[in-house]
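In: Below: sequence and its predicted model.
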Amino acid sequence: MKDDTPTEPVGAIVMDPAKAKEILDGICRFRILVMGRANAGKTTILQRVCNTTEDPEIFDGNGNKVDAATVQGSLTRGEHNIEDELVFRSNPGFVFHDSCGFEAGSAE
């Protein structure tokens, strides 16, 4: 007779579903840092993950909305302020921070 008892992978952390829901209910937003080479398509990947074609709204570290026109040039060059928050209207529960990009052997 086959045992239908679910088995957990070795080393898996098992949490009571009620406790997990309690923890998740206390989290308003998830913060995610995206790192990669300059102009590697990090923002495009975020758009795909969020299932949107819209550009993210950008907020500074104090929560003030940043005019997208003032950062448009830096977006095309891959220069970002890691303190800025990128939020897609379609997924306000996720706050992305985009690294300024890096190159192998870079001094900065």
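Out: Structure's in. What do you need?
In: CA atoms for contacts and neighbours, from now on please.
Out: Fine.
In: Let me know the helix or strand that Leu33 is in.
Out: Using DSSP states H and E, the element containing Leu33 is strand 30-34.
In: Contacts for that strand, please.
Out: Lys42, Gly93, Phe94, Val95, Phe96, His97, Asp98, Ser99 (C-alpha atoms under 8 Å, 6 or more residues apart in numbering).
In: ok, it: who's next to it in the sheet?
Out: Partners of strand 30-34 in the sheet, by DSSP bridges, are strand 94-98 (parallel).
In: what's in contact with the partner strand?
Out: Against strand 94-98 from outside (C-alpha under 8 Å, 6+ apart): 29-35, 42-43, 80-88.
In: Any of the residues you listed buried? List them.
Out: Val34, Lys42, Thr43, His80, Ile82, Asp84, Glu85, Leu86, Val87, Phe88 (16 or more other C-alpha atoms under 10 Å).
In: Keeping just the C-alphas, turn stretch 16-31 into CSV.
Out: Only the C-alpha atoms of stretch 16-31 are listed here, as CSV (Å, rounded to 0.1, in the frame of the first residue of the first chain):
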residue,chain,number,x,y,z
ASP,A,16,2.8,26.2,10.2
PRO,A,17,0.7,27.8,7.4
ALA,A,18,-1.2,29.9,10.0
LYS,A,19,2.1,31.3,11.3
ALA,A,20,3.3,32.0,7.7
LYS,A,21,0.1,33.9,7.0
GLU,A,22,0.5,35.9,10.2
ILE,A,23,4.0,36.9,9.2
LEU,A,24,3.0,37.8,5.6
ASP,A,25,0.1,39.8,6.8
GLY,A,26,2.5,42.0,8.7
ILE,A,27,4.6,42.7,5.6
CYS,A,28,3.4,45.6,3.5
ARG,A,29,6.0,45.5,0.8
PHE,A,30,9.0,43.4,-0.2
ARG,A,31,12.3,45.2,-1.1
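In: Fine, thanks again, bye for now.
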